[in-house]
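In: With the sequence up front, the predicted model follows.
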Amino acid sequence: MNKIRTISRSRIIYHILFWVVATVFWLLTMFVASNFKNILKIEPVLMTLVFNLCFAAAVYFNLLILIPFLFKRQRFFLYVVSVFAVISVAAFVIDFLLVYPLNSFVQGEQYFEELTFVVWVNFAIFTLIYVGITSVLSMTRELIVLQKVTANFQDIEREKLEAELKALKAQINPHFLFNTLNNLYSLTLDKSDKAPNLVLKLSDMMRYILYECNDRYVFVDKELDFIKNYLDLQKIRLDDTIPVSINVKGSASQNKIAPLLFEPLIENAFKHGSYGKNNNGFVNILFNFEERDKMELSIENRYDNKWQDEERKEKGIGIKNVTRRLELLYPDKHDLNISKQDDLFKVNLQIDLSEQNA
């Protein structure tokens, strides 16, 4: 409320200053025209007040009625016609109804009787100048206000986006940690010698999550190291019963990517895959960076139909998380395709990295 009052008070002050400057301008004009002979007379002041009252009527009629009801509603032709009508009426009032009766105070009546039309045109031009200047000032002020409102709205949207991204990223960390601890628990129950190695790799991965994933984008090399550690954990858990391959084509060193974007997709391949010593399960992962500022991830694994009911219940939390993050981070710059065919599960993700690589 105080801010609104301050803005209103400032607008009033600006308007007063404008008309003070306009009054001084007209007084100086009359003094110069009379070689300063009328500098001590009341007549020039009276004439100036008459001029500015008529100009003000035209100005505020334009600002308060014509601009809001015609110009802002894009009725431009009617607005232009109305402005010229207001200018014509204002010039007529100034010339014939006010200046002519008061003319004897400044100059002889004969001047206006002979050049009435010329005088009317002069007043019309002055009225147009007043209306034009105040219209430009008003629209400039509104444009500045609009830019500030737009900037504030963008800041709010940006903060909202950041909050949602942090919330989505926060979902990944406990989800990943929970699954890994379950694997570690199974190994400790079996008193496996692989448990210490798993703990060491888990420590490296958690260090990456805690200290290097706070930025919106990280170098792809670091993300690939994280993925390789994750695959090593899965190999330990599965006791190397299935082939797991990861290949990287092209150079990824100069590219950046949103952190923890690939892990849910790769985890899904292990979570719902067909594994065991007596089956032909596999996981193939391919990263392609051969095209500049582009990346492609392809995941293919054997799919076990027994997971369908469980997957339907969970509604693909990890996949939904990644899908939403892609929508927020790479709008119109990504393509995610997930397909099931017979017992094969395929994921293909393509991302345009040009924006964060710039």
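Out: Thanks, I have the structure now.

In: Out of the helices and strands in this structure, which is least certain?
Out: Lowest mean confidence among the helices and strands of the chain (mean pLDDT, DSSP states H and E): helix 109-114, at a mean of 42.

In: Could you check which helix or strand contains the residue most central in space within the chain?
Out: Closest to where the C-alpha atoms of the chain average out (CA atoms, centre = their mean) is Gln154, at 4.3 Å. Using DSSP states H and E, Gln154 sits in helix 116-189.

In: From Leu27, how far out is Arg207?
Out: Between Arg207 and Leu27 the computed distance is 78 Å (CB to CB, to the nearest Å). C-beta coordinates here come from the backbone N, C-alpha and C atoms, glycine included.

In: my bad, should have said Gln147
Out: Applying CB to CB to Gln147 and Leu27 gives a distance of 37 Å.

In: and these two? which has more neighbours close in?
Out: Neighbours per residue (other CB atoms under 10 Å) separate Gln147 from Leu27, with Leu27 holding more: 17 against 10.

In: Look up the closest residue to that one, ignoring the ones flanking it.
Out: Of all residues not flanking Leu27 in the chain, Thr48 sits nearest, at 5.4 Å (CB to CB, 6 or more residues apart in numbering).

In: and if you look at Thr134?
Out: Val59 (4.8 Å).

In: For the one you found, give me the pLDDT.
Out: Confidence at Val59, expressed as pLDDT, is 92.

In: mind showing which ranges of the stretch 251-358 of the chain have poor pLDDT?
Out: Along the stretch 251-358 of the chain, the model assigns pLDDT under 70 to residues 272-279, 304-317, 357-358.

In: which residue ranges form the helices in it?
Out: Assigned by DSSP state H, counting those that start in this stretch, the stretch 251-358 of the chain shows helices spanning 263-271, 308-314, 317-329, 354-357.

In: Against which helices or strands is the last one packed?
Out: In terms of contacts (3 or more CB pairs under 8 Å, 6 or more residues apart in numbering; DSSP states H and E), helix 354-357 is packed against strand 256-257.

In: Could you check how far the strand it packs on is from the centre of its chain?
Out: 21 Å (CA atoms, centre = their mean, to the nearest Å).

In: Same check on stretch 210-222?
Out: Per CA atoms, centre = their mean, the centroid offset for stretch 210-222 relative to its chain is 24 Å.

In: residues making contact with it?
Out: With contacts defined as CB atoms under 8 Å, 6 or more residues apart in numbering, stretch 210-222 is touched by 165, 169, 208, 252-253, 255-260, 289, 295, 329, 356.

In: Return the members of those classed as buried.
Out: Among these, those classed as buried by 16 or more other CB atoms under 10 Å are 165, 169, 208, 252, 255-260, 289, 295, 329, 356.

In: And those, which is closest to Ile319?
Out: Closest approach between these and Ile319, by CB to CB: Leu260, at 13.9 Å.

In: Isn't that closest one up against Ile209?
Out: Yes: in this structure, Leu260 is within contact of Ile209 by CB atoms under 8 Å, at 7.1 Å.

In: how does the chain divide into domains?
Out: Annotated domains of the chain cover 2-152, 192-357 [automatic domain parsing].

In: tell me the most buried of those?
Out: Among the domains of the chain, domain 192-357 has the highest mean neighbour count (mean count of other CB atoms under 10 Å), at a mean of 16.

In: how distant is it from the center of its chain?
Out: Per CA atoms, centre = their mean, the centroid offset for domain 192-357 relative to its chain is 30 Å.

In: now swap in stretch 78-86 and tell me
Out: 37 Å.

In: The residue nearest to Leu27: which element?
Out: Short version, using DSSP H and E: Thr48 is in helix 43-61.

In: Which elements pack onto the very next helix or strand once past that helix?
Out: Next in sequence after helix 43-61, counting helices and strands by DSSP H and E, comes helix 76-92. Where contact means 3+ CB pairs under 8 Å, 6+ apart, helix 76-92 is packed against helix 43-61, helix 116-189.

In: could the ones you listed go into CSV alongside distance to Phe77?
Out: Formatted as CSV, these follow (distance: least, CB to CB, whole Å):
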stretch, distance to Phe77
helix 43-61, 18
helix 116-189, 16
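
In: Ok, which of the ones you listed comes nearest Asp240?
Out: With CB to CB as the yardstick, what comes closest out of the helices and strands packed on helix 76-92 is helix 116-189 (13.6 Å).
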